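>>> here are the coordinates; sequence isn't available:
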């Protein structure tokens, strides 16, 4: 349940980047090795953003599967639901994670500028 | 209808867009899409780097000790302090929800103990993060220490996510927890260079399958160093202390 503190970090980053503009959507990329529950993140965001300038914005989560690349034979293997970090080709365990550890805000979607507002 | 696409890094997935706001095409509809590409743990990791630099400047090595609740971290620390006393100057950063019970158990061994109560805020944090560890630094005289042991909050999930500025991560795993936990909490087991398999004195009374456990550990972290010990009887604790002395 560290989604609450994560939402605090997201709010800080988004507030800086939005620079006062109203935010509609925050696109977040989450690797499956990140122990973040998307539904919990969305729910916590409602709590954290309430009564702030970010209230009404929502988080959209893009999930990235775990993949490893074997250092011996080079094969890329999907790590399934039961996490075995072994090469699907040669069975070797000397492998590096090539995706699944991402945890970043990729973009934010802002409301159109108000009519007549200066730039 | 999902949108399937592939990223430069080879990851592919589909999105279900039930909204009319922007998408990942780069063309916002109605509003404006601004690329951010900022890591969410950026702030934590910067503070962790500052902690690491401060520890290094003082010549202090730091081990982040993690486990489930009740795996025996505090008992092991007591045994550890008893053995290292007079040879290695140890500081303890103790993360705990609400109480000072653990810190009290560690008093009287000549170690500096800094308690971080993580109970503030939404029902208590489930982990230590870098700013929390930073807040404990003024309560430790780093110049008078060789080693800092961080006793993280008992939890197999959240602490693994947060770099706090440690040099190494070790985990205490009690054989009462069963054989399958590495497969259920792979991130924690992968994040630790050393796994201390504790409560070995209970082995005759449990149906614990040590080979099965070690096999599961290898599946998620083949490089992990493993030590078998019992913090209660002291069996194997010397090897752990040697590991710490060698840091």
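Yes, it's here. Note that this is a predicted model, so its numbers are computed, not measured. Residues are numbered from 1 along each chain as shown, chains lettered A, B, ... in the order given.

>>> where exactly do the strands run in chain B?
B:2-6, B:12-16, B:32-39, B:61-67, B:90-96, B:112-117, B:147-151, B:168-174, B:194-198, B:225-228 (DSSP state E).

>>> Can you lay out those strands as a markdown table showing mean pLDDT and distance to residue A:11?
Any C-beta I mention is one placed from the backbone N, CA and C, and that applies to glycine too. Formatted as a markdown table, these follow (pLDDT from 0 to 100; distance: least, CB to CB, whole Å):
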| stretch | mean pLDDT | distance to residue A:11 |
| --- | --- | --- |
| strand B:2-6 | 47 | 27 |
| strand B:12-16 | 47 | 23 |
| strand B:32-39 | 95 | 12 |
| strand B:61-67 | 98 | 27 |
| strand B:90-96 | 90 | 24 |
| strand B:112-117 | 87 | 23 |
| strand B:147-151 | 97 | 27 |
| strand B:168-174 | 98 | 28 |
| strand B:194-198 | 98 | 36 |
| strand B:225-228 | 98 | 39 |
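
>>> Save those strands as TSV, and put in mean neighbour count too.
As requested, the strands of chain B are arranged in TSV below (neighbours: other CB atoms under 10 Å in any protein chain shown):
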stretch	mean neighbour count
strand B:2-6	10
strand B:12-16	13
strand B:32-39	16
strand B:61-67	25
strand B:90-96	25
strand B:112-117	19
strand B:147-151	26
strand B:168-174	24
strand B:194-198	24
strand B:225-228	16
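
>>> Redo those as TSV? Include distance to chain A.
Conversion of these to TSV gives the following (distance: least, CB to the nearest CB, whole Å):
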stretch	distance to chain A
strand B:2-6	10
strand B:12-16	7
strand B:32-39	4
strand B:61-67	13
strand B:90-96	13
strand B:112-117	14
strand B:147-151	17
strand B:168-174	15
strand B:194-198	15
strand B:225-228	15
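
>>> which regions of chain A lie under the pLDDT threshold?
Scanning chain A for pLDDT under 70 picks out A:1, A:114-119.

>>> Ok, which of the strands of chain B comes nearest residue A:61?
With CB to CB, the closest approach to residue A:61 among the strands of chain B belongs to strand B:12-16: 9.7 Å.

>>> pLDDT below threshold where in chain B?
Regions of chain B meeting the criterion pLDDT under 70 cover residues B:1-30, B:97-98, B:119-124.

>>> ok, residue 111 - contacts?
Because you didn't say which chain, this covers chain A. Remark: with contacts taken as CB atoms under 8 Å, 6 or more residues apart in numbering or on different chains, residue A:111 is in contact with A:21, A:22, A:23, A:24, B:31.

>>> wait, chain B
Residue B:111 makes contacts with B:81, B:85, B:90, B:91, B:92, as judged by CB under 8 Å, 6+ apart.

>>> Just put these in a markdown table and tack on distance to residue A:56.
As requested, these are arranged in a markdown table below (distance: CB to CB, whole Å):
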| residue | distance to residue A:56 |
| --- | --- |
| B:81 | 52 |
| B:85 | 57 |
| B:90 | 50 |
| B:91 | 46 |
| B:92 | 45 |
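
>>> that older thread, from the contacts of residue A:111, which land in strands?
Helix and strand membership here follows DSSP E; of the contacts of residue A:111, those in strands are A:23, A:24.

>>> Can you flag the buried ones in the contacts of residue A:111?
By neighbour count, with 16 or more other CB atoms under 10 Å in any protein chain shown, these hold A:21, A:22, A:23, A:24, B:31 as buried.

>>> need the longest helix for chain B.
Using DSSP state H, we find that the single longest helix of chain B is helix B:42-57.

>>> Is any residue of it near chain A?
Yes: part of helix B:42-57 sits close enough to chain A to count as contact by CB under 8 Å from any CB of the partner chain, namely B:42, B:43, B:44.

>>> Show me how to select, in PyMOL, the buried members of those residues.
The following PyMOL command selects only the buried members of the residues of helix B:42-57 next to chain A, with burial defined by 16+ other CB under 10 Å:
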select buried, chain B and resi 43+44
